[in-house]
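S.K.: whatever this is, show me its structure:
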Amino acid sequence: MSMRNSCLLILSPAEQECRCRVAPSITWEVKKAVTDLSNLTCEVMAGMSFPQYDPHMSVVSSERLLPFGSMLRRWRQHRRLSQLEFAEAADSSARHLSYLETGRAKPSREMVLRLAECLDVPLRDRNRMLLSAGFAPAFEEHPLHDLTSARLAIEQVINAHRPYPAFAVDRHWDIVLSNRVLPQLYVDVASPLLIPPVNVVRLMLHPDGMASRIVNLGQWRRHIISVLQHQIEARAEPGVRALLDEVISYPYTSLGEERNASEGEYRFATPLQIRTDLGTISFISTTTVFGTPTEVTLSELALEMLFPADAETVERVGLLSKDNPHV
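M.R.: Residues are numbered from 1 along each chain as shown. Presented below is the predicted three-dimensional model:
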């Protein structure tokens, strides 16, 4: 696994320029909702299904498989490359690429994979390109609970991070694993936002979510919008585009206590500042991704870990954690 520092809470996630340098969907009993969020174990969350997202939805088509040439042209244009620039990067000729895009030539399996690699196409869409060209998918996809070694590694990391929040999110920013700490942060959250799969972007920025507790809501909202825009740029993910539109539509009111992000300890990263009964706690975050994934699910996971941004947060989180026997 590789780690980079950023201020992405949570980042599904340009995010690593195709993860690439890094949310829309979130009945149950109302009184159980908050309790269930704080008690979601790794095993329970790993076994959850995510029905509101089509696992085969991609930039090229959400309903049918487009011709290979159309997919290739869309990804080339999405990367803002001319045919000549693409040909030079792919060690091919502009004429041959033109033939591939118009369907006058058929690619080999190796050519499909080489062109997709050159365009930094996500693994899910590389499989679709292969299928469209008449070949079997090259990259397997499994539920996270079937990826035993990877799941155990993620659980070990996020559980070792207690008492500070850590969780893994998928490409749509849905939480798939969590270390279940600080349930006090979610006591005012409307129960529909806590129905699994919990979408972390919606949880934080929705007016009925944590937004009323985020002291620097304006800064954090701008940061999340920027992150989603970069993710769309890198991965062309329709689900994230819909989430971005939703987030932009949220009304919000600043609490008037935002600090200049260039001041003091916050000059290097945008903090997440949350109001609690004990005072404001401030976090910065890191995002960890698998460095060389060859499996679709792993390629779309991001592990988010929040770290205390100041000494006051360390003290206040310690006090809040005493009220949570699971930590």
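
S.K.: after the helix or strand hosting residue 240 comes which helix or strand?
M.R.: Per DSSP states H and E, residue 240 falls inside helix 238-249. For helix 238-249, the following helix or strand on the C-terminal side (DSSP H and E) is strand 272-276.

S.K.: just want the angle from the lengthiest helix in the chain to helix 238-249.
M.R.: Longest helix in the chain by number of residues (criterion: DSSP state H): helix 217-235. Angle of helix 217-235 versus helix 238-249, following axes from the mean of the first three to the mean of the last three Cα atoms, to 10 degrees, is 160 degrees.

S.K.: need the helices for the protein, in chain order.
M.R.: Under DSSP H, the chain gives helices at 32-38, 42-46, 68-78, 83-89, 94-102, 109-118, 123-132, 148-160, 200-205, 217-235, 238-249, 296-299, 311-321.

S.K.: quick one: closest of the ones you listed to residue 282.
M.R.: Comparison of the helices of the chain against residue 282 by Cβ to Cβ identifies helix 311-321 as nearest, at 5.2 Å. Placement of C-beta: from N, CA and C, glycine included.

S.K.: who touches the closest one?
M.R.: 162-164, 181-182, 184, 276, 278-283, 308, 327 (Cβ atoms under 8 Å, 6 or more residues apart in numbering).

S.K.: among those residues, find the lowest-pLDDT one for me.
M.R.: Lowest in pLDDT among these is residue 327, which has 49.

S.K.: residue 71 contacts residue 130, doesn't it?
M.R.: No: proximity of residue 71 to residue 130 does not meet the contact threshold set by Cβ atoms under 8 Å, at 10.2 Å.

S.K.: okay, the two: which has more neighbours?
M.R.: Neighbour count, other Cβ atoms under 10 Å: between residue 71 and residue 130, residue 71 has more, with 27 against 20.

S.K.: quick one: low-confidence ranges for this protein?
M.R.: 1-63, 253-268, 323-327 (pLDDT under 70).

S.K.: and the longest strand for it?
M.R.: strand 279-289 (DSSP state E).

S.K.: can you give me the angle that one makes with strand 272-276?
M.R.: 140 degrees.

S.K.: if we can go back for a sec, so for the longest helix of the chain, what gets flagged as buried?
M.R.: Neighbour counts using 16 or more other Cβ atoms under 10 Å place 217, 219-221, 223-224, 227-228, 230-235 of helix 217-235 among the buried residues.

S.K.: and if you look at stretch 75-89?
M.R.: Here stretch 75-89 shows 75-76, 78-79, 81, 83, 86-87 as buried, counting by 16+ other Cβ under 10 Å.

S.K.: output that stretch as CSV - backbone C-alpha positions only.
M.R.: What follows is stretch 75-89, C-alpha atoms only, in CSV (Å, rounded to 0.1, in the frame of the first residue of the first chain):
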residue,chain,number,x,y,z
TRP,A,75,-11.1,8.3,-23.3
ARG,A,76,-8.6,10.0,-25.6
GLN,A,77,-10.7,13.2,-25.6
HIS,A,78,-11.3,13.0,-21.9
ARG,A,79,-7.5,13.0,-21.5
ARG,A,80,-7.4,16.0,-23.9
LEU,A,81,-5.0,14.3,-26.3
SER,A,82,-5.0,14.7,-30.1
GLN,A,83,-4.7,11.6,-32.2
LEU,A,84,-1.1,12.6,-33.0
GLU,A,85,-0.2,13.1,-29.3
PHE,A,86,-1.9,9.8,-28.4
ALA,A,87,-0.1,8.0,-31.1
GLU,A,88,3.3,9.3,-30.0
ALA,A,89,2.6,8.3,-26.4
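
S.K.: tell me the gap between that stretch and the middle of its chain.
M.R.: Offset of stretch 75-89 from its chain centre (Cα atoms, centre = their mean, to the nearest Å): 26 Å.

S.K.: what do you get for stretch 305-316?
M.R.: Counting by Cα atoms, centre = their mean, stretch 305-316 comes out at 23 Å from the chain centroid.

S.K.: swap in stretch 280-289?
M.R.: 14 Å.

S.K.: just the CA atoms of it, as CSV, please.
M.R.: Once non-C-alpha atoms are left out, stretch 280-289 reads as follows in CSV (Å, rounded to 0.1, in the frame of the first residue of the first chain):
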residue,chain,number,x,y,z
THR,A,280,-13.8,22.1,18.8
ILE,A,281,-11.7,19.2,17.6
SER,A,282,-9.6,19.6,14.4
PHE,A,283,-8.3,16.9,12.1
ILE,A,284,-6.1,16.6,9.1
SER,A,285,-6.2,13.4,7.1
THR,A,286,-4.2,11.1,5.0
THR,A,287,-5.4,8.9,2.1
THR,A,288,-3.9,5.4,1.5
VAL,A,289,-4.5,3.4,-1.7
